[in-house]
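J.: no sequence on this one, just coordinates:
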């Protein structure tokens, strides 16, 4: 099957709107924690609203490549087979983990993803602060093996949509902790608050889409600590609500760095190094921030002699 | 209707549907933003005092001991000296944003109409114009 019979994301749009209104209402009535700043909310929602426009540029290419891969498939997974949906659920979620980790740990892909983390707020509108350049950086290639394996383009699109819809509700402070069994297996608001935090302890953790098990398997899991409330946003927060700044600021920064690069090593470092990489190590990366934080923690707990 | 006579209409229909959806979504966005504003759910960010500025800068620059802080008269910004660095803090909505620059650049920045004209690194903003009370870098 080439064309998806339905799009989970489109079907979920009314739910997105109602859920945001509910979160605002509960916050207003002080029944749940919810912080909204109007311009921040406008920026987030405008990013989500307009994300489809740049995505149109590459939609044909992505679809054609997926169809081509499917036409050269190894097996055929029937669209109606239950086991096919179980298999793609796990495979898509594993690919999402890889995609998400890459999007944080290498600057070229971070530049496309950073806007999603650029709000200092964490509410349901933040979930819709979506990338404008994500389709241009080639991460869609990560999903092509699914088509080679025999999952149809429609099935891949639907599962990607289900994953995106799932990840909407976890962008909230209104939900504290889910039941322990749920927290152990699934990505939750608590786990994802950690992911959006800029506290050194929480940096580059919890890349999960639907299942948190991948972070536990690959050593990137960090539980939310009651004693350390997440501070949201970026290491150096943006000083603007302008959506063009939000969408393109890291690309502009990369352009400036490349213009100043003096060797191929520097070009590669600025593009493919971790965010914050610099030739002389004078800038902060997640790793250096975590190391200094760990040193401070260690010093604070070492008794004076 | 013959397939070949229908085909040319499809892109136009798709574009119309896309634009209609965009317009309806745009209205929904404006309604949500208006409700978010009316609900008054923003954080409390009172004007800065020295202790608050030091605490906020410590979040962004935990390894930077602060020698001195100058506050903007309206409490919306602060500039601090930390050794060879200047740390600048300013309000954005109901949150705070920090930047750093060389102290020599901050100390040499021009003052016009009572406002310091600071060139900042990063994409946005490129320029800050705080009206700092008692700004006298030559005394440091």
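T.: Nice, I can see it. The structure presented is a predicted model; accordingly, all values stated were derived computationally and were not measured.
J.: Look up the closest residue to residue B:63, ignoring the ones flanking it.
T.: Distances taken as Cβ to Cβ, 6 or more residues apart in numbering or on different chains place residue A:292 nearest to residue B:63, at 6.2 Å, with adjacent residues excluded. Bear in mind the C-beta positions are built from the backbone N, C-alpha and C, glycine included.
J.: surely the one you found meets residue A:200?
T.: Yes - in terms of Cβ atoms under 8 Å, residue A:292 counts as a neighbour of residue A:200; the distance is 7.3 Å.
J.: So those two - more neighbours on which side?
T.: Per other Cβ atoms under 10 Å in any protein chain shown, whichever of residue A:292 and residue A:200 has more neighbours is residue A:200, with 20 against 14.
J.: Can you tell me the number of residues neighbouring residue B:63?
T.: Residue B:63 has 11 neighbouring residues, counting by other Cβ under 10 Å.
J.: Quick check: residue A:204 vs residue A:277, distance?
T.: Distance from residue A:204 to residue A:277, counting by Cβ to Cβ, to the nearest Å: 14 Å.
J.: Please say which of the two ends up with more neighbours.
T.: Taking neighbours as other Cβ under 10 Å, residue A:204 and residue A:277 compare with residue A:277 leading, 21 against 18.
J.: Are stretch B:79-91 and chain A in contact anywhere?
T.: Yes - using Cβ under 8 Å from any Cβ of the partner chain, stretch B:79-91 reaches chain A at residue B:90.
J.: Please spell out which residues along that stretch are buried.
T.: Across stretch B:79-91, burial judged by 16 or more other Cβ atoms under 10 Å in any protein chain shown covers B:79, B:80, B:81, B:82, B:85, B:86, B:87, B:88, B:89, B:90, B:91.
J.: from the residues you listed, which single one is nearest residue B:46?
T.: Lowest distance from residue B:46 to the buried residues of stretch B:79-91 (Cβ to Cβ) belongs to residue B:91, with 10.4 Å.
J.: Which residues does the helix or strand that contains residue A:287 contact?
T.: Element membership for residue A:287 (DSSP states H and E) is helix A:286-301. Identification of contacts with helix A:286-301 by Cβ atoms under 8 Å, 6 or more residues apart in numbering or on different chains yields A:104-105, A:200-201, A:203-204, A:235, A:274-276, A:281, B:62-63.
J.: out of the residues you listed, which is most surrounded?
T.: residue A:275 (24 neighbours).
J.: separation between it and chain B?
T.: 14 Å (Cβ to the nearest Cβ, to the nearest Å).
J.: List the residues that contact that residue.
T.: Neighbour list for residue A:275: A:104, A:105, A:106, A:107, A:110, A:114, A:250, A:285, A:286 [criterion: Cβ under 8 Å, 6+ apart].
J.: Same list (those) but as CSV, adding pLDDT and secondary structure.
T.: Shown next, in CSV, are these (pLDDT from 0 to 100; DSSP: H, G, I helix; E, B strand; the rest coil):
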residue, pLDDT, secondary structure
A:104, 98, helix
A:105, 98, helix
A:106, 98, coil
A:107, 98, helix
A:110, 98, helix
A:114, 98, helix
A:250, 97, helix
A:285, 96, coil
A:286, 96, helix
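J.: Next up, the contacts around residue B:72.
T.: When contacts are counted by Cβ under 8 Å, 6+ apart, residue B:72 touches B:48, B:78, B:130, B:131, B:132, B:133.
J.: Skip the chain neighbours and tell me the closest residue to the most centrally placed residue in chain A.
T.: Chain A has residue A:100 as the residue nearest its centroid, 5.6 Å off, counting by Cα atoms, centre = their mean. Of all residues not flanking residue A:100 in the chain, residue A:207 sits nearest, at 4.1 Å (Cβ to Cβ, 6+ apart).
J.: Likewise for residue A:277?
T.: Nearest non-adjacent residue to residue A:277 (Cβ to Cβ, 6+ apart): residue A:269, at 5.0 Å.
J.: what number of residues lie near that neighbour?
T.: That count, for residue A:269 with other Cβ under 10 Å as the rule, works out to 17.
J.: shouldn't it be in contact with residue A:281?
T.: No - with contact defined as Cβ under 8 Å, residue A:269 does not reach residue A:281; the gap is 10.4 Å.
J.: What residues does the stretch 1-150 of chain A have near chain B?
T.: Counting by Cβ under 8 Å from any Cβ, the stretch 1-150 of chain A sits next to chain B at A:13, A:17, A:20-21, A:24-25, A:27-28, A:34-42, A:45-46, A:49, A:52, A:120-121, A:125.
J.: Produce a ChimeraX select command limited to the buried residues of the residues you listed.
T.: To isolate the buried members of the residues of the stretch 1-150 of chain A next to chain B in ChimeraX, using 16+ other Cβ under 10 Å:
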select /A:13,17,20,21,24,27,28,34,35,36,37,38,39,40,41,42,45,46,49,52,120,121,125
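J.: And stretch A:179-194, what's buried?
T.: By 16+ other Cβ under 10 Å, the buried positions in stretch A:179-194 come out as A:183, A:186, A:187, A:188, A:189, A:190, A:191, A:192, A:193, A:194.
J.: Going by distance to chain B, which of those wins?
T.: For these, the closest approach to chain B (Cβ to the nearest Cβ) belongs to residue A:193, at 16.0 Å.
J.: sorry, back to before: look up how far residue A:197 lies from the residue nearest to residue B:63.
T.: Residue A:292 is 17 Å from residue A:197, by Cβ to Cβ.
J.: Could you pull up the contacting residues of residue B:67?
T.: Counting by Cβ under 8 Å, 6+ apart, residue B:67 has contacts B:80, B:81, B:82, B:83, B:140.
J.: can you put the contacts of residue B:72 in CSV and add pLDDT, distance to residue A:95 and neighbour count?
T.: Shown next, in CSV, are the contacts of residue B:72 (pLDDT from 0 to 100; distance: Cβ to Cβ, whole Å; neighbours: other Cβ atoms under 10 Å in any protein chain shown):
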residue, pLDDT, distance to residue A:95, neighbour count
B:48, 97, 46, 23
B:78, 97, 45, 27
B:130, 94, 47, 23
B:131, 94, 52, 16
B:132, 93, 51, 20
B:133, 91, 55, 12
